[in-house]
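Novice: pasting the structure only:
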């Protein structure tokens, strides 16, 4: 009888597999799922990453941490098979973006997701019911980081909304959407198209806030002005962002809400800002002087920061920060094009609201929260006056 009760309890528990758990979205997802009032709970959480967790990762956010390389089908099968029949929900919040050729990105990212789904669905007693897929606004813009194709793109006009047709360019987001959709009706899925994600992690390839924080710290350390590396258009026009915690809530909501199944949703904070006003806030938080935009002093942030690794090492030593390498925690090459858009980078949240998701946050309060978090994690300096 006891064994029967235990078996019944086991089958009723939601079991999450978060692939990419050490990234900004993945960490916030794990934290959300372990909250006692989380939708669909209680949750058992397996976290996956390519590398073992280091001391900055809070172990209480997952029940089990698994390390494997999803590009390697044999490694994926060996590490994932023992718990494959437990998993009810797959949260896919990872990607590999090692090259600028979008065709290669399609091959790599599709193989990763296929390898994981193959193991989870091949179990005779598979319980997998839903996959959440993290993508972004490149869905509406095309492969903006492909050096050849980016010069030929014709994007959609903002504000971006979910029923806009696909663009006629290769895009690994499209390939991943098609892959999860091919498993219907044996499972359901949801697609989450975020804007610029803001959070705190050492292992996010596209961490805009940490990149700006390191840039500011280096400027302060060597006495350079903290100049805006973008265009006048983005300086004066609207943009939006995505708090990693809002994004996590949307993933969880869609995974347990029937009406949200097999749908795509934009995910932003629900407000907009100009980079001019954002720059004033960043100057305050990073303790540097605000410098108005001067287009006569246009510069290349990537080139400016290329030889600043030793300066960052000095900052780490001086302020007793967690030992990091500048090239591992910054993404100046990814950030720069975003700051030079010639259109307003804004997505509509109407569909999410119509379907019942009302998560939102004030972007400036969000920035203050995450900068404080980065300081608390000893990733960036905290200056005492």
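Specialist: All right, it came through fine. Predicted, not measured: the structure shown is a model, and the values here were computed from it.
Novice: what sits closest to residue 128 if chain neighbours are left out?
Specialist: Closest residue to residue 128 apart from its sequence neighbours, by CB to CB, 6 or more residues apart in numbering: residue 120 at 4.8 Å. Every C-beta, even on glycine, is put in place using the N, C-alpha and C of the backbone.
Novice: and the one you found, what are its phi and psi?
Specialist: Here is the backbone geometry of residue 120 (degrees, to the nearest 10): phi -70, psi -40.
Novice: tell me the centre residue of this structure?
Specialist: Nearest to the geometric centre of the chain sits residue 25, at 4.6 Å (CA atoms, centre = their mean).
Novice: so residue 264 belongs to a strand, correct?
Specialist: Yes - the assignment for residue 264 (DSSP: H, G, I helix; E, B strand; the rest coil) places it in a strand.
Novice: quick one: it from residue 367, how far?
Specialist: From residue 264 over to residue 367 the distance is 27 Å, taken as CB to CB, to the nearest Å.
Novice: do the same with residue 357
Specialist: 22 Å.
Novice: ok, now residue 97?
Specialist: 24 Å.
Novice: of these two, who's got more company?
Specialist: residue 367 (20 against 16; other CB atoms under 10 Å).
Novice: so the more buried one touches residue 208, yeah?
Specialist: No - Residue 367 is beyond contact range of residue 208, at 10.5 Å (criterion: CB atoms under 8 Å).
Novice: which helix or which strand is home to the spatially closest residue to residue 73 that is not a sequence neighbour?
Specialist: Leaving out its chain neighbours, the residue that sits closest to residue 73 by CB to CB, 6+ apart is residue 115, at 4.6 Å. According to DSSP states H and E, residue 115 maps onto helix 102-122.
Novice: other SSEs contacting that helix?
Specialist: Applying 3 or more CB pairs under 8 Å, 6 or more residues apart in numbering; DSSP states H and E, one finds that helix 102-122 contacts strand 14-19, helix 73-80, strand 89-92, helix 172-181.
Novice: what is the closest residue to residue 266 other than its chain neighbours paired to in the beta sheet?
Specialist: Nearest non-adjacent residue to residue 266, counting by CB to CB, 6+ apart: residue 347, 4.1 Å away. Per DSSP bridges, the residues bridged to residue 347 are residue 160.
Novice: per-residue confidence for residue 347?
Specialist: Looking at residue 347, its pLDDT reads 98.
Novice: so it touches residue 160, yeah?
Specialist: Yes - the pair residue 347 / residue 160 is scored as a contact, 4.4 Å apart, by CB under 8 Å.
Novice: the more surrounded of these two?
Specialist: residue 347 (26 against 21).
Novice: if I look at residue 184, how far off is residue 159?
Specialist: 29 Å.
Novice: neighbour-wise, which of these two wins?
Specialist: residue 159 (18 against 11).
Novice: stretch 250-265 - what's its average pLDDT?
Specialist: 98.
Novice: between the two ends of it, how far is it?
Specialist: When the termini of stretch 250-265 are compared using CA to CA, to the nearest Å, they are 9 Å apart.
Novice: could you do stretch 290-307 as well?
Specialist: 24 Å.
Novice: next one: stretch 347-362
Specialist: Stretch 347-362 end-to-end distance (CA to CA) = 16 Å.
Novice: if we can go back for a sec, enumerate the positions of the helix holding residue 115 that are buried.
Specialist: By neighbour count on 16 or more other CB atoms under 10 Å, the buried set for helix 102-122 is 102, 104-106, 108-109, 111-117, 119-120.
Novice: distance from that helix to the middle of the chain?
Specialist: 18 Å (CA atoms, centre = their mean, to the nearest Å).
Novice: can you list residues touching both of residue 347 and residue 160?
Specialist: Counting by CB atoms under 8 Å, 6 or more residues apart in numbering, the common neighbours of residue 347 and residue 160 are 137, 140, 193, 266.
Novice: can you lay out these as JSON lines showing distance to residue 353 and neighbour count?
Specialist: Listed next are these as JSON lines, based on distance: CB to CB, whole Å; neighbours: other CB atoms under 10 Å:
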{"residue": "137", "distance to residue 353": "18", "neighbour count": "24"}
{"residue": "140", "distance to residue 353": "19", "neighbour count": "23"}
{"residue": "193", "distance to residue 353": "15", "neighbour count": "22"}
{"residue": "266", "distance to residue 353": "11", "neighbour count": "27"}
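Novice: let's have the residues you listed in TSV, adding distance to residue 59 and secondary structure.
Specialist: As requested, the shared contacts of residue 347 and residue 160 are exported to TSV (distance: CB to CB, whole Å; DSSP: H, G, I helix; E, B strand; the rest coil):
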residue	distance to residue 59	secondary structure
137	33	coil
140	38	helix
193	31	strand
266	33	strand
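Novice: for residue 309, state which of the residues you listed is nearest.
Specialist: Nearest to residue 309 among the shared contacts of residue 347 and residue 160 is residue 137, at 30.5 Å by CB to CB.
Novice: surely residue 280 forms part of a helix?
Specialist: Yes - the assignment for residue 280 by three-state DSSP puts it in a helix.
Novice: and it, what does it touch?
Specialist: With contacts defined as CB under 8 Å, 6+ apart, the neighbours of residue 280 are residue 290.
Novice: can you tell me how far residue 64 is from residue 113?
Specialist: Remark: distance between residue 64 and residue 113 (CB to CB) = 21 Å.
Novice: you'd agree the residue nearest to residue 128 is up against residue 19?
Specialist: No - counting by CB under 8 Å, residue 120 sits too far from residue 19 to count as a contact (10.5 Å).
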